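*Asks:* fold the following, please.
(one chain, ligands or ions: 2)
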Amino acid sequence: MEKLLSLVVPAFNEEEAMEQSFERTYRAMSSIGYPFEIIYIDDGSRDRTWEIISRLAREHEEVKALRFSRNFGHQLAVTAGMDEAKGDAVIIMDADLQDPPEVIADMVKAWEQGADIAYGKRMHRKGETAAKKLTAWCYYRLLNFMSAYPIPLDTGDFRLLDKGVADEFKVLREHNRFLRGMSAWLGYNAVPVEYVREERCAGKTKYTLKKMLRLAADGIFGFSSRPLTLIGWACGAVHSPARAYRYHSLCRRNRRSRVALGGVRPGAAGWCDTVRNGRAGGLYAAHLRRGKGEAPLHNKRKAKLSLSKVCERKVKKDDRSEDQDTCKKPHRLFLRRKAR
Ligand code: UDP
Ligand code: MG
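*Replies:* Ligands and ions are numbered 1, 2, ... in the order given. Below you'll find the model as predicted:
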């Protein structure tokens, strides 16, 4: 049986672009030589986009039209389209012709030669402001530095996925999706297909600054544990002076508390705390990382051991029952001292 290609195209308020986008896309898909379907997803448009898409679906048997009840965002629109796709290869493309549909033929060639993923690599971006180019350039490099899985530089979601890979996406159901990151995380044999990103054929970008920042944050927080580790250490560093100050106050007010600290000087106790809290933050990050399948198993054991050691030490400290209150509840001690 001949293989089927599924093209997934999300569209949000694209009435100006839809007609010419469809014509060029239809021509490009027909020239490849495989049977194909084009799945348009109207992401809650408030203009005539749905009207155009539903007409195209009536006129062409290759066109399927889906409509969201409201604007859920580009990444979820693509996901809905991928769920609907029946093809042996699924291609994701924007509706504004910035991803030239003619490049799909090159992606299909790469797929025929054994690639599981053929991703579009932008060699040049036409018609975009210098600020957007610079922020995109910086962002992808930062993302790669943060991420544990290399996400190819200067790529978007314009790509072809083999059915096997597309099926894997159906298993991953997170809400805050960052498809290009998920694609990198899945691995497989991914090959770049170079292209020049064109100007938008009509209308304005539908990615507002807020949407763009949310996507950027999803990329960084969803595919990197470094922010967690940094936050862990930062919490430790902020928490420790407070602890050091508490020990210091205790020692000044009660000489016996030095015994409770096991003869440790208050300043040293503060520094030990800094390291311990920082380490605890790091361990917490390691635990969360494991949720993403990133950290190796031995870290898990290490984390458990270290935490149990901390607990043991606490128990031992508490065994010196005479000073138990001194260590754990300084405020009660102060009250008693004052009362005397
Ligand atoms: N899009 C969408 N929902 C949104 C925003 C955008 O479906 O909330 C679609 C949009 O119609 C286009 C694609 O996603 O087909 C890429 O959007 P856009 O071209 O505005 O982004 P840019 O290329 O400027 O980053
Ligand atoms: Mg665009």
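*Asks:* now for the top helix by length along the chain, which elements pack on it?
*Replies:* Criterion DSSP state H: the longest helix present in the chain is helix 226-253. Here helix 226-253 touches helix 257-260, helix 266-291, helix 330-339, going by 3 or more CB pairs under 8 Å, 6 or more residues apart in numbering; DSSP states H and E. All C-beta spots, glycine's among them, are computed from the backbone N, C-alpha and C.
*Asks:* ranking those by mean pLDDT, which is last?
*Replies:* Per-stretch mean pLDDT for the helices and strands packed on helix 226-253 is lowest at helix 330-339 (a mean of 41).
*Asks:* give the buried residues for the helix or strand harbouring residue 109.
*Replies:* Element membership of residue 109, judged by DSSP states H and E, is helix 103-112. For helix 103-112, the buried set under the neighbour-count rule, 16 or more other CB atoms under 10 Å, comprises 103, 104, 107, 108, 110, 111.
*Asks:* also stretch 176-189?
*Replies:* 177, 178, 179, 180, 181, 182, 183, 184, 185, 186.
*Asks:* columns pLDDT, secondary structure and distance to ligand 2 on top of those residues, output as TSV?
*Replies:* Shown next, in TSV, are the buried residues of stretch 176-189 (pLDDT from 0 to 100; DSSP: H, G, I helix; E, B strand; the rest coil; distance: CB to the ion, whole Å):
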residue	pLDDT	secondary structure	distance to ligand 2
177	90	coil	18
178	91	coil	17
179	92	helix	15
180	89	helix	15
181	90	helix	19
182	92	helix	20
183	92	helix	19
184	91	helix	21
185	90	helix	24
186	92	helix	25
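*Asks:* what packs against the helix holding residue 109?
*Replies:* Using 3+ CB pairs under 8 Å, 6+ apart: helix 103-112 touches strand 5-11, helix 15-32, strand 89-92, strand 117-125, strand 155-162, strand 190-197.
*Asks:* list the contacts of it.
*Replies:* 5, 7, 28-29, 31-32, 34, 89, 91, 93, 118, 120, 158-160, 162, 191, 193, 195 (CB atoms under 8 Å, 6 or more residues apart in numbering).
*Asks:* change it to 7 Å
*Replies:* Residues from elsewhere that reach helix 103-112 (CB atoms under 7 Å, 6 or more residues apart in numbering): 5, 28-29, 31-32, 89, 91, 118, 120, 160, 162, 191, 193, 195.
*Asks:* nothing else from me, thank you.
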